[in-house]
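Asker: prediction below, plus the sequence it came from.
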Protein chains: 2
Amino acid sequence: MKGSFNELMSLDAAKVRDHIRTCAYRSHTAGLGQGKLQANLAILPEAFALDFMRFCLRNPKPCPLVGVSDTGDPKVSTLGRDIDIRTDVPAYNVYENGVLVDSRFDIVDLWDDEFVAFALGCSFTFERALMATGITLWHIDNNKTVPMYRSNINTVAAGPFKGPMVVSMRAIDRDRLPQVSRICKQFPMAHGSPLHWGDPGEIGIDDIGLPDWGDASSIGEGQVPVFWACGVTPQVAIERALLPICITHKPGHMLITDIDDDAEIPVVRSMDLQIQSQDED
Amino acid sequence: MKGSFNELMSLDAAKVRDHIRTCAYRSHTAGLGQGKLQANLAILPEAFALDFMRFCLRNPKPCPLVGVSDTGDPKVSTLGRDIDIRTDVPAYNVYENGVLVDSRFDIVDLWDDEFVAFALGCSFTFERALMATGITLWHIDNNKTVPMYRSNINTVAAGPFKGPMVVSMRAIDRDRLPQVSRICKQFPMAHGSPLHWGDPGEIGIDDIGLPDWGDASSIGEGQVPVFWACGVTPQVAIERALLPICITHKPGHMLITDIDDDAEIPVVRSMDLQIQSQDED
């Protein structure tokens, strides 16, 4: 089984996961999965799970929670019948006490009965929708990573989880701002509408040319910097919480689900599969 | 301080809560709060909170979670700065081991350091939006309770929480079905688009004239029965889970929040209040 990016482009989500599971493919997932929802991953000990869910619920724009496992169960069957969270992400980062200690292609031998896995929607969803309407995104056309910044917007804390909202920036033609906002609002599972546009200083960004993560991006004539809540926010909150252990996806190396990008709810084929005899219940 | 329904109609959400807090008003909240999100309430011991949040996340249409308290803290400040969940709902039901044992106007002396309070969106939100476009709802025009039915759609289980999806039914003119679906989809915090319309038998309802809760509703010439996921679903799941204690609102007697009915996220004035100096962090 080969696994070049171009070969994988033609495969559906489940088949791409097959390649990832066997480590035939270990790279980034942007553009893969044919329009299925991709997700950030965070795996934490159960002792922190309730507070982390609270944190996500209180900060739904940076932390759009789309799936959660049972404690100790590596399946997240609401996102895809066969998903095994230990093998189905191309690459993982392992943190101990907030420090990155390892990067791996699977976490089978690290899995613990106390782990809870969380999946959070990501920006690939709205970027795809924007590009479908002809809006160009500089970082994609130039094969760069979107620039991300620590803002002065604080998240709403929950237990040990708190900290600054991290935002991503994309330069948008001024006359398309209303359209961009309208499109993105349709994707609450993928950060929703932008948080801010215009003066970066208003949200605490002193130098737009010096992102805290990712690559500096060009802002063209007639364009405005537009800022979205970013999935790095929960990662920063988790690192600051100094959990004894925590596992995340490696940036850009997402979980590809079986949920349609534009689904109303993040539950795979929920209705037709669940209509059953009431006697079974 | 008086508290007749008509007097309260002219007050904003915070002022209505004032009347409720002092027990000057103890009745149902439909139509009150001037377009603010109203919510179902469930208070559970912390030991069950993680599984209940999982249940809500896996069943977002019947259980649109909009707020959660810290353990032992009766405030749900993301829904309104001054909300005290022990006093700000007009009437409460108290369950022990799945059995209704008490109804009260406040729960101050029942509050426990182990309690977690959950707020879930309710149908008032989309009903208000439908009526604003001229769609009539029989149960409202006739001062009845919407009919609710146990369906044969199963929820996705989480820990002890499972059971049938409860659905509410409203008769809609056939030619307005697409409009109704489109409007309701805009309110994921209030059950979203309908689950089903047409033949009640397809979702396990044998006799539309015999609802399991609420009042039978007339279905006029040219109308179709339309079914929405219903907030009684989590109540049934909680009752079946036989928790040692659980407190809910009394049906129709909701928590009135400070969140706009049509807000993108259920977090009160989130952005402007949170922009602070980064040094504070």
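Answerer: Arrived safely, thanks for sending. Residues are numbered from 1 along each chain as shown, chains lettered A, B, ... in the order given.

Asker: show me where the stretch 101-250 of chain A has helices.
Answerer: According to DSSP state H, counting those that start in this stretch, the stretch 101-250 of chain A carries its helices in the segments A:124-132, A:138-141, A:177-185, A:232-240.

Asker: show me what contacts A:F52?
Answerer: A:42, A:44, A:118, A:158-159, A:161, A:234, A:238 (Cβ atoms under 8 Å, 6 or more residues apart in numbering or on different chains). Bear in mind the C-beta positions are built from the backbone N, C-alpha and C, glycine included.

Asker: check A:T87 too.
Answerer: The contact partners of A:T87, by Cβ under 8 Å, 6+ apart, come to A:20-21, A:106-108.

Asker: which PyMOL command selects the buried ones in those residues?
Answerer: In PyMOL, this line selects whichever of those come out buried by 16 or more other Cβ atoms under 10 Å in any protein chain shown:
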select buried, chain A and resi 20+21+106+107
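
Asker: any chance of the contacts of A:T87 in CSV, with distance to B:V68 and pLDDT too?
Answerer: Converted to CSV, these look like this (distance: Cβ to Cβ, whole Å; pLDDT from 0 to 100):
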residue, distance to B:V68, pLDDT
A:I20, 33, 94
A:R21, 34, 94
A:D106, 33, 97
A:I107, 29, 97
A:V108, 33, 97
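
Asker: out of the contacts of A:T87, which sit inside strands?
Answerer: In this view, the contacts of A:T87 have no member that belongs to strands under DSSP state E.

Asker: give me the below-cutoff pLDDT ranges for the stretch 151-281 of chain A.
Answerer: Along the stretch 151-281 of chain A, segments meeting pLDDT under 70 span A:269-281.

Asker: how about the strands in it?
Answerer: Ranges of strands in the stretch 151-281 of chain A, per DSSP state E, counting those that start in this stretch, are A:164-173, A:196-197, A:223-229, A:246-249, A:255-260.

Asker: got TSV for those strands, with mean neighbour count and distance to chain B too?
Answerer: Listed next are those as TSV, based on neighbours: other Cβ atoms under 10 Å in any protein chain shown; distance: least, Cβ to the nearest Cβ, whole Å:
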stretch	mean neighbour count	distance to chain B
strand A:164-173	25	6
strand A:196-197	20	8
strand A:223-229	22	10
strand A:246-249	24	17
strand A:255-260	25	12
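
Asker: how about the ones you listed in a markdown table, adding distance to B:S218?
Answerer: A markdown table is the format used below for those (distance: least, Cβ to Cβ, whole Å):
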| stretch | distance to B:S218 |
| --- | --- |
| strand A:164-173 | 50 |
| strand A:196-197 | 50 |
| strand A:223-229 | 46 |
| strand A:246-249 | 53 |
| strand A:255-260 | 37 |
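
Asker: out of the contacts of A:T87, who's nearest chain B?
Answerer: A:I107 (21.1 Å; Cβ to the nearest Cβ).

Asker: who are the contact partners of the closest one?
Answerer: A:43, A:86-87, A:92, A:94, A:247.

Asker: from B:P178, how far out is it?
Answerer: Using Cβ to Cβ, to the nearest Å, one gets 46 Å for the distance from A:I107 to B:P178.

Asker: go on, A:C63?
Answerer: 33 Å.

Asker: give me every residue that touches the closest residue to A:T78 other than its chain neighbours.
Answerer: Residue nearest to A:T78 in three dimensions, not counting chain neighbours: A:V267, with 4.8 Å by Cβ to Cβ, 6 or more residues apart in numbering or on different chains. Going by Cβ under 8 Å, 6+ apart, A:V267 touches A:78, A:259, B:58-60, B:156.

Asker: measure A:V267 to B:D82 for me?
Answerer: 35 Å.

Asker: count of residues packed around A:P74?
Answerer: For A:P74, the count of nearby residues is 18 (other Cβ atoms under 10 Å in any protein chain shown).

Asker: ditto for the one 3 residues further on
Answerer: The local packing count at A:S77 equals 17, with neighbours defined by other Cβ under 10 Å.

Asker: which residue sits closest to it, ignoring its sequence neighbours?
Answerer: Per Cβ to Cβ, 6+ apart, closest to A:S77 is A:I83, 6.9 Å.

Asker: surely that neighbour meets A:T257?
Answerer: Yes. Using Cβ atoms under 8 Å as the test, A:I83 is close enough to A:T257 to be in contact (7.2 Å).

Asker: on that earlier part again, so which of A:C63 and B:P178 has more stuff around it?
Answerer: Legend: neighbour count by other Cβ under 10 Å for A:C63 and B:P178, higher for A:C63 (26 against 8).

Asker: so what's the more buried one closest to, chain neighbours aside?
Answerer: In space, A:C63 is closest to A:C56, 3.9 Å off (Cβ to Cβ, 6+ apart).

Asker: returning to that earlier point: same for chain B: which of the contacts of A:F52 are within range?
Answerer: A:158-159 (Cβ under 8 Å from any Cβ of the partner chain).

Asker: using ChimeraX, define a selection of the buried residues within the contacts of A:F52.
Answerer: This is the ChimeraX syntax for the buried subset of the contacts of A:F52, where burial follows 16+ other Cβ under 10 Å:
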select /A:42,44,118,158,161,234,238
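
Asker: list the buried residues for stretch A:114-121?
Answerer: Of the residues in stretch A:114-121, those buried (16+ other Cβ under 10 Å) are A:115-121.

Asker: save those as CSV, and put in pLDDT and distance to A:A30 too.
Answerer: As requested, those are arranged in CSV below (pLDDT from 0 to 100; distance: Cβ to Cβ, whole Å):
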residue, pLDDT, distance to A:A30
A:F115, 98, 27
A:V116, 98, 27
A:A117, 98, 22
A:F118, 98, 21
A:A119, 98, 17
A:L120, 98, 16
A:G121, 96, 14
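
Asker: filter those residues down to the ones in strands?
Answerer: Using DSSP E, the buried residues of stretch A:114-121 in strands are A:115-121.

Asker: make JSON lines out of the contacts of A:V267 and add distance to B:Q186.
Answerer: Formatted as JSON lines, the contacts of A:V267 follow (distance: Cβ to Cβ, whole Å):
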{"residue": "A:T78", "distance to B:Q186": "23"}
{"residue": "A:I259", "distance to B:Q186": "20"}
{"residue": "B:R58", "distance to B:Q186": "22"}
{"residue": "B:N59", "distance to B:Q186": "20"}
{"residue": "B:P60", "distance to B:Q186": "15"}
{"residue": "B:V156", "distance to B:Q186": "24"}
